[in-house]
Each structure stands twice: as structure tokens, then as C-alpha cells.
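J.: here is a sequence with its predicted model. Questions after.
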Amino acid sequence: MTFPVDEFRRGYDVDENASRFSNYFHVLREVVHLSNGWLPLVGDFELKYRLGDHLHDDARSISKVRRRLYELRHPSDYPGTPGDELTALLERLNSAGSADEYVALAYGEAKPLLIDSIRVHLERLDPVSDEPSLRLLSQVVARQERHLEETADSRQQTADRGMGRIEDLGALPIALKGEPRSLRVMPPLDVPARDSFVEVTEEGDPFLAEELYVNDPELNHVPVEPEEQRHFFHGLMDAELTAAELMARNSHEYPDMPWDFHVDMARQTWDELRHAKVHYMLMPTALGCRWGDYPVTFSYFRSIYAHDLLGRLALFNSTSEQKAMWRHSRRREVLTDRGQAKVAMVFDYLLADEVPHVHNGVRWGVHLLDGDEAAYRRKVRELREGLDETGAPREAPSAA
Ligand SMILES: [Fe+2]
Ligand SMILES: [Fe+2]
């Protein structure tokens, strides 16, 4: 075999290359941070799902871009600080006054600029000496293009894309020794948003009985009748949305946590939204109901969100999700025995995804307590004392 031999392209020198990656890094980091902040406030389920999927893509892209910067620049101080023009773009993203406005800016300005610039980069880089960049950027640009396609119908088009001022985002200057750019945290949430056709009440769906959520094998009730399954899966979809919103906010509100924490939260946000999508599809196809048929409540969201990060991880990941694992496996067994194989199968995957979610609680809870596992277990025990037998904070219903 003989390798094809082509002329070298002039390409970018290593410094220019690293500086381009640094600009991409800053855009992606800000988009992940702000998408996490706005996600709970997007009512439309499809758009909420897309944001979660895309911010997970972008978080993984950031990990790879960071790695490439390390390869190119080690041991210097990258990613450096954005220059004035990039800072102005990032500030515009931060200035959004609503979820729709944010989505219009992120998908109408920031992502298109990223795509254009990466295309320039791919066009010019030398495909042999800089093949690692070629591989990485091809993947990142394909993801960004998918993000634009998947949101084209649900976002407002910005009349002025504000792009005239930046021609090639990658070529913008980066201040190597500048102060690190800090991420701005949005005001705390009051409640998240649901599709406009979903009724939100204080008590939620009165049909959902406590026996659905207890872990005692004697008392636990697996919903088997069609009517109770409809209510149950509807409540479960809402619980998945709540889970996604809590994880997104964990990432947004604690920007100084290690980068891996944000990747873990992004993954869980997407998982929970995918679970919601499973129930969204299962309802009309297997159960005879639809999203929005019954009321939902924000009381569980409020009860967890009121805690700091450590409390949220202890109560949600290490308690709620940990206990849901047992119920999912029981539900799977009972439904399999009853011949509802398709519905039972759902619980098989929910259960598998729950394992890393529970692990997120331990991993980052212990991190917050300086590596002291015993202290984290104590914290979990202490907070569990405030819960009723369904695993919900007293007075607030659980729905998973
Ligand atoms: Fe879930
Ligand atoms: Fe989960």
C-alpha cells in the first residue's frame, strides 16, 4: 500500500490554532452555562428537550476543545481571556430578557458564528500535521448544524443577527494573561415553565396515590389498570422534567465546580429529558392519554430547589433517585408478568440510567465535603429524616 502524497497546506501555526480554539471554548462555555440557566424557563416541551440535548453535546465538545488546547499549549495559560469583540458577543447572550430571546441569540448569532468560523478553520488547516483538529472540528461543526436544524421551527428569527461586526470568530484576539472571565448567574428561579396547555395546581394530580411511591414491598403499588397507568405516566413525565430542571440549575448556579461536574450534570439533564420524551411518546401510543391531560404541581421542585447544591444532591440524587431504582425494578417485574412488555422495557432503561445519576450525588457531594465520604453519608441521613415514607419532603408529593 502507498499513502497518497499531497502538498502540505500552509495551515495555521500552533499559536493561531490555539487562539482559535480558545475563542470556540469561550462561546461554547457561555452557551452551556446560559442554556442551563434558561432551560427550566422554556415552556415548550420540544424546545426544552432540544436545549438539554444540545447543551450536553456542547459540554462534551468543550471537554474535547479543552483537551486540544492542552495538547497545543501546555503548559501555558489557555484558554486565556476573550478579547473585546468576543466579550461583546458573550455579553449580548447574557442580556437576554426571556428564554425566547436567549434562544434567538444563542441559535441565531452565537452558533452560526461558530459554524462559519469552524468552516474557515477546516478549509485552511493542514489535514495531516493538524489532523487532530480536523477530526474534532468536523464533529463540532456537524453538531452545531444539527442544533440549528432542530430548532429552526421553534425559535424566533432575529432580524439583526448582529453578525456584521464579527467576520471570523476564531481570528479574534485572546488575552493570554488576562483575568479569567467569570460566568454570570441568573436570579434564582421561582418556578419552572410548562407547555401553556398544562394546568399547574398546588396539589397536582389528585389521582396519584401515595402507594405508588413507597418502597415497602408490602405497601408498594405498581399501577396496572389503564386509568391509573395514564395518570402515573403523566406524573412520571413531569417528574423527569423536574429532574432535568434541577440538574440544569445545579450546573448554572455553581459555575466554579470542576468541569467534570458540569459534564455530569449535562448528561443527566439530557437523560431526564429523554426519559420525559419516552413517557411523552408512550402516553398516546400505549396508554391512551397525552401530555397535558392532568394537572401537575411544582411543590416537589420547590422543596428540592430550596436547598444548596449539597442538599440537592443528597435529597435528589442520593435519596429520591436511589429509592426510585428499587421501584423501577419492581415495576418492570410486575408489568413483565402482566404481559406489558413494552411498558416494562421502559423501566429497564430508566433503571440503567439511574445508576450514574445516583453516582453523581455521591461523587459531587463528597467533593463538596472535601472528600469526606462519611460526612456525606451523615448529611444524607440527616436530610432523609425530613422525608415521609414516599421519600418526599413532608407535605410535598413525590412523583417518580
Ligand atoms: Fe429519569
Ligand atoms: Fe434520574
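T.: That came through, no problem. Ligands and ions are numbered 1, 2, ... in the order given.

J.: which residue, other than its chain neighbours, is closest to Glu253?
T.: Val185 (5.6 Å; Cβ to Cβ, 6 or more residues apart in numbering). (C-beta placed from N, C-alpha, C; glycine too.)

J.: which of the helices or strands spans that neighbour?
T.: Here Val185, judged by DSSP states H and E, is contained in no helix and no strand.

J.: how close does it sit to ligand 2?
T.: 24 Å (Cβ to the ion, to the nearest Å).

J.: count of residues packed around that residue?
T.: 13 (other Cβ atoms under 10 Å).

J.: and Asp337, by the same measure?
T.: 11.

J.: pLDDT at it, what is it?
T.: At Asp337, the pLDDT value in this model is 94.

J.: in contact with it: list those residues for me.
T.: By Cβ atoms under 8 Å, 6 or more residues apart in numbering, the contact set of Asp337 is empty.

J.: likewise for Gln229?
T.: 223, 287, 343.

J.: can you pick the most crowded of these?
T.: That'd be Pro223 among the contacts of Gln229, by other Cβ under 10 Å, with 22 neighbours.

J.: residue contacts, the residue in the chain positioned nearest to ligand 2?
T.: The chain approaches ligand 2 most closely through His357 (3.7 Å), counting by Cβ to the ion. Applying Cβ under 8 Å, 6+ apart to His357 gives the contacts 268, 271, 317, 321.

J.: the last one and Val355: what is the separation?
T.: Distance of Glu321 to Val355, given as Cβ to Cβ, to the nearest Å: 9 Å.

J.: wait, doesn't Tyr107 sit right on His147?
T.: Yes. Contact between Tyr107 and His147 holds when scored by Cβ atoms under 8 Å: they sit 6.8 Å apart.

J.: okay, these two: which has more neighbours?
T.: For Tyr107 versus His147, the count of surrounding residues by other Cβ under 10 Å is larger for Tyr107: 26 against 23.

J.: spit out the contact partners of the more buried one.
T.: So Tyr107 contacts 147-148, 151, 155 (Cβ under 8 Å, 6+ apart).

J.: in which helix or strand would I find the residue in the stretch 201-350 of the chain positioned nearest to ligand 1?
T.: Nearest residue of the stretch 201-350 of the chain to ligand 1: His275, at 3.8 Å (Cβ to the ion). His275 belongs to helix 259-282 when assigned by DSSP H and E.

J.: how about the residues of the protein near ligand 1?
T.: 240, 272, 275 (Cβ under 5 Å from the ion).

J.: correct me, but the second one touches Leu241?
T.: Yes. Look at Glu272 against Leu241 with Cβ under 8 Å: they come within range, at 7.4 Å.

J.: which of those two has more neighbours?
T.: Leu241 (29 against 25).

J.: I'd say the residue nearest to Glu253 and Asp256 touch.
T.: No. Judged on Cβ under 8 Å, Val185 makes no contact with Asp256 at a distance of 10.1 Å.

J.: who are the contact partners of Glu228?
T.: Here Glu228 is in contact with Phe207 (criterion: Cβ under 8 Å, 6+ apart).

J.: let's see it at 10 Å
T.: Counting by Cβ atoms under 10 Å, 6 or more residues apart in numbering, Glu228 touches 207-209, 212, 221-222.

J.: now it. Its backbone dihedrals?
T.: Torsion angles at Glu228 (phi, psi; degrees, to the nearest 10) stand at phi -70, psi -30.

J.: so how far is Pro132 from Asp77?
T.: Asp77 is 21 Å from Pro132, by Cβ to Cβ.

J.: now the helices for this protein?
T.: 14-38, 45-73, 84-94, 99-105, 111-124, 131-151, 226-253, 259-282, 299-305, 309-312, 321-337, 341-368, 373-384 (DSSP state H).

J.: the fifth one: which residues count as buried?
T.: Residues of helix 111-124 classed as buried by neighbour count (16 or more other Cβ atoms under 10 Å): 111-118, 120-121, 124.

J.: can you list these in CSV and add pLDDT?
T.: Shown next, in CSV, are the buried residues of helix 111-124 (pLDDT from 0 to 100):
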residue, pLDDT
Lys111, 97
Pro112, 97
Leu113, 97
Leu114, 98
Ile115, 98
Asp116, 97
Ser117, 98
Ile118, 98
Val120, 97
His121, 98
Arg124, 96
